[in-house]
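In: Sharing a sequence plus its predicted fold:
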Amino acid sequence: MGHRESNMTKHYSEADLLETYYMQPGQSMPVMMHLAECAECKAKYERLERKLREAAVCDTEKPATFWTRQRLSIMRRVDGQREHGERFTRNLRVAAAALLAFFLGGAVVYKSLQPALKTPPVAISDHALPAPPKTNDELQVPRDPWQSDELQDFHAVVQWESWMNDTKKKAGS
Amino acid sequence: MGSVASFRLSQFNESAPSDRELIARTLGGDGGAFALLVERFQRKIFRVAFAIVRDDMEADTIAQDTFIQAYTHLARFEGRSEFETWLTRIAINRSRDSLRRRRFVSLWRTGESDEREMILEPVDDRPDPEREFMARQLRVAIERAERTLSAQQKLIFRLRHYENRSLEDIAELLGLRAGTVRAHLFRAVHKIRKELAEWVTGSRT
């Protein structure tokens, strides 16, 4: 702070008083006590205070039109923001509804397709087997293919080969 | 624009609803109630913004933005402090952002200061033109001295100097401890006292 001893021969400088002014004079008890006793310093302080107060005056006095314009501008922006908020909320609701419908629809479709997708394995039984075809062609097919008409001419050879096999088996045994 | 159209100045004369009542009405969708709040506090908010940024247009923008931000977050206002204090805090924060932005921009502009060059206006024909001239010169000296301050120091100094706010008040508005504010202000005053010393001595009065 740089203040001197509280006696009448030493006084505060403007710089000291400047600091006192800004750092709340009411809390600087030694300075205030000195100012109460010293008329010279008190006058100096009062002069300084007046000058600083004058310098601090802000010219914020505006015509009524300025405040009206500012107020209208604020309210216009507030309304715009409210509309924007409402539009956003509306869009959000529509989007949420669409999303919900999509999922619900998906769920319904899934449920309806679920039995087809999860077919249980069919147990094969005699009863379940389809009946054998009973066409005329199938009925005319002989049980032994060697007995067919087409192979009738080769019957002798077949019999011979069968005989050969039988001979070989007998010889082997 | 419905609320603007429905806003009537005659409403002010009917009664003086409390801030809380107007807030409740605003939250209920009454745009006219918010217009009343704007009307009630716009001068104070503009003055605080102007005290910090020292520019008419910027202070106007900050005041408008303050009310828009307050409207947007009105539901979050818990009422632990006065509505005016809450608004002032918003305005101060915005003004501080503006100061910081200005300081940041000045870094990229070589040779330019972060503040507008102060121009001494001609003395007008008020009752005491010489005194007025001295006040202006002191004002210029203060603004020149402020250039050495950080954004935070400048903010605190300006709230103290122009708004004549107490240290406790500043601490509450900035959400700081009184001791922190005192330390910032002390450093700020020390920085500018040399610049101001010649203007506050008796020889310059």
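Out: Yep, it's here. None of the values given here were measured: they were computed from a predicted structure. Residues are numbered from 1 along each chain as shown, chains lettered A, B, ... in the order given.
In: Could you find the closest non-adjacent residue to residue A:57?
Out: Distances taken as C-beta to C-beta, 6 or more residues apart in numbering or on different chains place residue B:135 nearest to residue A:57, at 7.5 Å, with adjacent residues excluded. Glycine gets a C-beta too; all of them are placed from N, C-alpha and C.
In: Could you report the neighbour count for residue B:60?
Out: By other C-beta atoms under 10 Å in any protein chain shown, the residues close to residue B:60 number 19.
In: In this structure it contacts residue B:43, no?
Out: No: at 11.9 Å, residue B:60 does not count as touching residue B:43 under the criterion of C-beta atoms under 8 Å.
In: my read: the residue nearest to residue A:57 touches residue A:52, true?
Out: No: under the criterion of C-beta under 8 Å, residue B:135 makes no contact with residue A:52, lying 9.3 Å away.
In: higher neighbour count, these two?
Out: residue A:52 (22 against 19).
In: Is that one in a helix, a strand, or coil?
Out: Assigned by DSSP: H, G, I helix; E, B strand; the rest coil, the conformation of residue A:52 is helix.
In: number of nearby residues for residue B:187?
Out: By other C-beta under 10 Å, the residues close to residue B:187 number 16.
In: Hmm, residue B:153 and it touching each other?
Out: Yes: applying C-beta under 8 Å, one finds residue B:187 in contact with residue B:153, separated by 6.2 Å.
In: what does the domain assignment say about chain B?
Out: B:9-114, B:118-205 (automatic domain parsing).
In: In CSV: these, plus mean pLDDT.
Out: Shown next, in CSV, are those (pLDDT from 0 to 100):
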stretch, mean pLDDT
domain B:9-114, 85
domain B:118-205, 80
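In: Relative to residue A:31, which of those domains is closest?
Out: Evaluated over the domains of chain B, closeness to residue A:31 peaks at domain B:118-205, with 14.0 Å, by C-beta to C-beta.
In: Please state the offset of that closest one from the chain centre?
Out: 14 Å (C-alpha atoms, centre = their mean, to the nearest Å).
In: can you pull out the helices in chain A?
Out: Along chain A, counting by DSSP state H, helices occupy A:14-22, A:29-37, A:39-55, A:64-117, A:136-140, A:155-172.
In: For the residue lying closest to residue A:36 once chain neighbours are set aside, give me the pLDDT.
Out: Setting aside the residues directly before and after it, residue A:36 is nearest to residue A:42 in space (C-beta to C-beta, 6+ apart), at 7.4 Å. We have a pLDDT of 88 for residue A:42.
In: Same question for the one 5 residues further on.
Out: Reading off the per-residue confidence, residue A:47 sits at a pLDDT of 87.
In: same thing with residue A:166?
Out: Reading off the model, residue A:166 has pLDDT 68.
In: By mean pLDDT, which helix or strand of chain A comes out lowest?
Out: Within chain A, no helix or strand scores below helix A:136-140, which has a mean of 60 by mean pLDDT, DSSP states H and E.
In: near chain B, which residues of chain A show up?
Out: Proximity of chain A to chain B, by C-beta under 8 Å from any C-beta of the partner chain, involves residues A:14-15, A:17-19, A:22-24, A:44, A:47-48, A:51-52, A:54-58, A:60, A:62, A:67, A:70-79, A:81-82.
In: repeat that for 6 Å
Out: Residues of chain A that fall close to chain B, judged by C-beta under 6 Å from any C-beta of the partner chain: A:14-15, A:18-19, A:22, A:24, A:48, A:51, A:54-56, A:58, A:60, A:71, A:73-75, A:77-79.
In: What subset of those is buried?
Out: The neighbour-count test (16 or more other C-beta atoms under 10 Å in any protein chain shown) marks A:14-15, A:18-19, A:22, A:48, A:51, A:55-56, A:58, A:60, A:71, A:73-75, A:78-79 as buried among the residues of chain A next to chain B.
In: Next, count neighbours for residue 16.
Out: Just so you know, I chose chain A. Using other C-beta under 10 Å, the number of residues around residue A:16 comes to 20.
In: To clarify, I was referring to chain B.
Out: Counted with other C-beta under 10 Å, residue B:16 comes out at 10.
In: distance of it from chain A?
Out: 18 Å (C-beta to the nearest C-beta, to the nearest Å).
In: Mind splitting chain A into its structural domains?
Out: According to automatic domain parsing, the domains of chain A span A:14-55, A:75-115.
In: Give the rounded mean pLDDT of stretch A:101-115.
Out: 86.
In: which one of the helices of chain A is the most hemmed in?
Out: helix A:14-22 (a mean of 22; mean count of other C-beta atoms under 10 Å in any protein chain shown).
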